[in-house]
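J.: Sequence and predicted structure below; questions after.
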Amino acid sequence: MKMNCLLIFDHLNDIIFMKYDDPFENHIKKFALSEGLLLEGDFDAPLNRNIIIQLFSPIVTSHRIMHCQFGNSYTSMKFKDELKMLFNEFMGYLFLGMTSDENDGFLNICITFVRYLCGPDVYQLLLNKERCSLLHKLYDNWLKLKEDNQAFLVEALEQLVINSDLSNTCLEALKESVTQLSLYQDLSRVHALLLVKDKFLSLYSSSNAKQLSAPDILFTIILTHCRGDVFKNIESYRILLAGPETEPKCIPHAIHIVEICDQMFLVYLMEIGNPSVAGSLYDAFCHLHTIQSVQIQRDKETLQLAFENLDLATKKLNISLKKNKNTDIEASHKQLMKKWDVIKKKYQEYLKTGSEEAILRAETLLLGFLENLKQLLTLSSVDDSVLDFGAEHVLNISQKVKKDLSTFTEFFTVKGIKNFTFGSRDSITINKYLEDFPGLVHFLFVDRNTHRITTPALEWEENKAHLTKKKIWQMVKFSQRHLQEGHTSLIWKDSAFTCSFFLWFEDSGGSGLKTTSSPGPFRSFPGILTDHFYTKMKETCFPKTSPLKVKCFELFCIHLGLVTPSCVLEQARRLAATIWELKGFPSSVADLL
């Protein structure tokens, strides 16, 4: 049975978000009808959320008992017809999904989107209809991009291939606009991006802005596809970016999107508030969720560690909030610390004496402590006046950028469709380059240090090798499943093609690195939106070396079936060594096996 759904439950087993397709709705209605939960005359009416709660409450309760009391929750269940039920938790909220698709990573993608929209306060999805609607759009557009776009298939960024003069023109236009915005104090920490369709063109950041990560840019591209049928002169949102891998995943930003021509977007991401407060708040939410989960087990050793972590996070939050001069934040801050003083004493009493009354009192007080954290998150990251102020200035400044780039916009739009292709006749360099690889039908090269992808566009009308999109998607997914198991080199044949996948490591000087331990298997699926898969792989393979000093690359190839494995390997080595001719900067050869 083919069906998909996503349900988010709070700690009381109430649904705060639901998204499902027609097959799921029809199946639930038929089952509810047979159980007497639905009348015949109400079958065509919208599905009542109370019916879903009644039907799913037993499995949700069972999951929570396994998770909280035994610390051994299940992550999935398999049913007939390849249907799976998936479970995951984020900040105390249960994400439950049902799917019959091969890749079960969609639940983690949804958690990522929720984190971008709500940060650690998932309950906003119930209170804010706009955020709830945006989550629906983000998920739908991610599915579409993943099915249509090679870069999103491997969760990487595709940058338009343009000459250096034109690249500098774009960069200067962005730099000038950022300089103008930085004259205003509230707009001084800003990133400016140019996007064409689903591709990355240029980026300029002010010197005092936090680093913009590849997942942040991927999310921004998905967000640009969420505009309505009638696109406004500007679209503005409040989001919480992930930032660098070493930073907490909760940096408040205002994002302003301007469409300067058809399918070409000028995007500004502006930091809001204090990043130190945002990071401390995120840590406090995380450790609060942990202590709420483990205290049910009444294991003193585990609870003491959770308590100490929450105490440390609260101290850091206290220090970062002392520097804030906002009166509303100051008042909420004082309330928070008063509550923590009482909670802290109760936990200390329980850990010393085992008093059941003390821990029950601490559990009750934590609910009020949580509400204070939510209030502080709202006060420190949500500011409509800053959003409106930024939108006004972005709208004015964007006109100058639009004028500066007006000569090239048509060219950019075409490049957005056909970055470069095997059938291309507008570039002698590309054709000369590809002539050196006889039998090569298609490839995807991913630099996993910047998460940039180089790959020919898909042009089926010029495809003489009868390569299909389905074949490419199958090849990538097959490779990723084996990479998850720890296999970094693969060559296999089918009736028409020879497919291959290679992942390798280099040091900072470009010399190949041999792994000191076998990678995998990994719980997470290869990608960057839901987890730092490649960073964890570096840490596993080179435990004594900083991941920042290890470079990682991926190469997917499809050759004609007559090409021998030795030829595939030889061409893969040369392709990896010379791909810079298309990208514009050198790379080094590597030992792929």
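T.: Received, thanks. Keep in mind that this is a model prediction, so the values were computed, not measured.
J.: going forward, measure contacts and count neighbours with C-alpha atoms only.
T.: Fine.
J.: does the closest residue to residue 287 other than its chain neighbours sit in a helix, a strand or a coil?
T.: Excluding its sequence neighbours, the residue lying closest to residue 287 (C-alpha to C-alpha, 6 or more residues apart in numbering) is residue 310, at 5.1 Å. Under DSSP: H, G, I helix; E, B strand; the rest coil, residue 310 falls in the helix class.
J.: which ones are touching residue 310?
T.: Residues near residue 310 by C-alpha atoms under 8 Å, 6 or more residues apart in numbering: 284, 287, 288, 291.
J.: Please repeat the previous calculation with a cut-off of 10 Å.
T.: 283, 284, 285, 286, 287, 288, 289, 290, 291, 304, 316, 344 (C-alpha atoms under 10 Å, 6 or more residues apart in numbering).
J.: What does residue 6 show for phi and psi?
T.: Phi and psi for residue 6, reported as degrees, to the nearest 10, are phi -130, psi 130.
J.: Tell me the secondary structure at the one residue sitting closest to the centre of the chain.
T.: Note on the chain: the residue nearest the mean C-alpha position is residue 529, at 2.7 Å, using C-alpha atoms, centre = their mean. Secondary structure, three-state DSSP: residue 529 is coil.
J.: what sits against it?
T.: 108-109, 111-113, 155-156, 214-216, 218-219, 242.
J.: ok, 8 Å please
T.: So residue 529 contacts 109, 112, 155, 215, 218 (C-alpha under 8 Å, 6+ apart).
J.: Among these, which one has the most neighbours?
T.: residue 215 (25 neighbours; other C-alpha atoms under 10 Å).
J.: how near is that residue to residue 55?
T.: Separation of residue 215 from residue 55 (C-alpha to C-alpha, to the nearest Å) stands at 36 Å.
J.: Residue 144 now?
T.: For residue 144 relative to residue 55 (C-alpha to C-alpha), the value is 30 Å.
J.: mind checking which helix or strand residue 372 is in?
T.: Assigned by DSSP states H and E, residue 372 belongs to helix 356-381.
J.: Pull out the buried positions in that helix.
T.: Buried residues in helix 356-381, counting neighbours by 16 or more other C-alpha atoms under 10 Å, are found at 358-359, 362-363, 365-366, 369-370, 372-377, 380-381.
J.: related to what we said a few turns ago, next up, phi/psi of the residue nearest to the centre of the chain, please.
T.: Backbone geometry at residue 529, expressed as degrees, to the nearest 10, gives phi -70, psi -40.
J.: What lies in contact with stretch 274-289?
T.: 91-92, 119-120, 247-252, 306, 309-310, 313-314, 316-317, 320-321, 370, 373, 377, 380-381.
J.: make that stretch 49-59, sorry
T.: Against stretch 49-59 from outside (C-alpha under 8 Å, 6+ apart): 13, 14, 15, 28, 32, 37.
J.: What distance do you get for the closest residue to the second one other than its chain neighbours to residue 8?
T.: Counting by C-alpha to C-alpha, 6+ apart, the nearest residue to residue 14 once its immediate chain neighbours are dropped is residue 53, at 6.7 Å. Spatial separation of residue 53 from residue 8 under the definition C-alpha to C-alpha is 11 Å.
J.: Just confirm residue 576 is within a strand.
T.: No. Residue 576: not assigned to a strand; according to three-state DSSP it is helix.
J.: what's the neighbour count on it?
T.: 20.
J.: repeat for residue 336
T.: If we define neighbours as other C-alpha under 10 Å, then residue 336 has 21 of them.
J.: Just say helix, strand or coil for it.
T.: helix.
J.: How about residue 17?
T.: Residue 17 - assigned by three-state DSSP - is strand.
J.: Tell me how far it lies from residue 87.
T.: Residue 17 sits 15 Å away from residue 87, taking C-alpha to C-alpha as the criterion.
J.: how about residue 373, what does it touch?
T.: Neighbour list for residue 373: 281, 285, 336 [criterion: C-alpha under 8 Å, 6+ apart].
J.: what's residue 506 sitting at in phi/psi?
T.: The phi/psi pair for residue 506 (degrees, to the nearest 10) reads phi -130, psi 160.
J.: Quick check: nearest residue in space to it, chain neighbours excluded?
T.: Spatial nearest neighbour of residue 506, chain neighbours left out: residue 512 (4.4 Å); criterion: C-alpha to C-alpha, 6+ apart.
J.: thinking again about what came up before, can I get the contacts of residue 373 in CSV with distance to residue 406?
T.: Below are the contacts of residue 373 laid out as CSV (distance: C-alpha to C-alpha, whole Å):
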residue, distance to residue 406
281, 43
285, 46
336, 53
